[in-house]
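In: I would like to see how this sequence folds:
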Amino acid sequence: MSRRMLDAVRARLRRTSRDGGSASVFVVGMVVVLFALAGLVADGGRALNARVEIMDDAEQAARTGANQIDDATLRSSGVARIDPAAARTQATAFLTARGYSAGRITVTSDAGTVSVVVNDTVPTSLLQLAFIDSFEIEGSATARAALGINQEITGAP
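Out: Predicted structure coming up:
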């Protein structure tokens with residue numbers, strides 16, 4: 001290629017190339033947006049799965065607690081009631097065995113119902129790039145003791 005022809009090509013390229021790098025700014029911006037969307041999908045999905053799991057664990061803990069019938073009252077009067085202390089102990093033990101710390105478990109019980117609330121933290125992976133390190137999730141459930149399939153225990157003798 002001659003020198004004259006090379007200069008002509010360079011001149012033509014200079015005239016047509018006036019974007020000044022705006023395409024690279026656009027690409028960087030789109031990469032940030034795509035990472036944010038990927039983080040929402042991946043970490044949001046992880047948080048939703050953890051919420052389903054914590055709700056299931058709370059339900060099972062409440063059922064475990066509702067199974068704690070006061071044997072002495074049942075034998076003496078024929079009335080089936082939940083033993084609140086045993087219900088709280090069993091529900092807490094179930095959740096502790098599932099890996100929840102005791103400080104994040106709340107169990108309340110009376111003679112007819114057991115209520116469980118569990119809190120947990122789900123760490124993020126991609127959203128840490130946006131300074132979101134974790135999600136707080138909560139699961140709660142209430143179980144009532146029943147005899148057979150349709151006779152609920154109300155707690156009243």
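
In: could you use CA atoms for every contact and neighbour count after this?
Out: OK.

In: distance from the host helix or strand of V52 to the middle of the chain?
Out: Per DSSP states H and E: V52 is located in helix 22-66. The chain centroid and the centroid of helix 22-66 are separated by 8 Å under CA atoms, centre = their mean, to the nearest Å.

In: pLDDT of it, averaged?
Out: The pLDDT scores in helix 22-66 average 92.

In: A86 in helix, strand or coil?
Out: Here A86 is recorded as helix under DSSP: H, G, I helix; E, B strand; the rest coil.

In: was I right about it contacting A66?
Out: No - counting by CA atoms under 8 Å, A86 does not reach A66; the two are 9.3 Å apart.

In: out of the two, which sits in the busier spot?
Out: A66 (31 against 18; other CA atoms under 10 Å).

In: contact partners for that one?
Out: I82, A87, G112, T113, V114, A143, R144, A145 (CA atoms under 8 Å, 6 or more residues apart in numbering).

In: what's the burial count for the third one?
Out: In this case it means G112. When neighbours are counted by other CA under 10 Å, G112 registers 21.
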